[in-house]
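1. Sharing a model that was predicted from the sequence below.
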Amino acid sequence: MIDLQAPPPTITVPEAAELLGCSSSALYEAIRDGDAPVKVLRVGRAIRIPTAPLLAELGITGSATPTGPHLQAVGE
């Protein structure tokens, strides 16, 4: 599971699938079919998902505070 307090710029398909609540194979299939619900980056054969757009799609935003970055659901 990724650290939502300090998320990396990109995550793997299995990590994104976990956040989306689906299986890795379902997300790989959606990516292959062009139906992924998020932007996908391909570097050679590697597939990475940009973290910020994924979190935004899930309604999770980042906000900086004096104690560091925090993520919260939109509307909280």
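-> The structure has been received and is ready for your questions.

2. Could you check which helix or strand contains residue 25?
-> Per DSSP states H and E, residue 25 falls inside helix 24-33.

3. so after that helix, what's the next helix or strand?
-> Trace forward from helix 24-33 with DSSP H and E and the next one is strand 41-43.

4. List the buried residues in the following helix or strand past that next one.
-> Later in the chain than strand 41-43, the nearest helix or strand by DSSP H and E is strand 46-50. Residues 47-50 are the ones in strand 46-50 that count as buried (16 or more other Cβ atoms under 10 Å). Using the backbone N, CA and C atoms, a C-beta is placed for each residue, glycine as well.

5. Likewise for stretch 37-53?
-> Applying a neighbour-count criterion of 16+ other Cβ under 10 Å, one finds 38, 47-51 buried in stretch 37-53.

6. Where in this structure is the helix or strand with the lowest mean pLDDT?
-> One helix or strand of the chain scores below all others by mean pLDDT, DSSP states H and E: strand 68-73, with a mean of 47.

7. Please report the distance of residue 46 from residue 56.
-> 23 Å (Cβ to Cβ, to the nearest Å).

8. which one of the buried residues of strand 46-50 is nearest residue 32?
-> Nearest to residue 32 among these is residue 47, at 9.8 Å by Cβ to Cβ.

9. Name whatever forms a beta bridge with that closest one.
-> residue 42 (DSSP bridges).

10. gap between it and residue 20?
-> Relative to residue 20, and taking Cβ to Cβ, residue 47 is found at 14 Å.

11. How about residue 39?
-> From residue 39 to residue 20 the distance is 13 Å (Cβ to Cβ).

12. next one: residue 4
-> For residue 4, the distance to residue 20 - Cβ to Cβ - is 14 Å.

13. Comparing these two, which shows the higher neighbour count?
-> residue 20 (18 against 15; other Cβ atoms under 10 Å).
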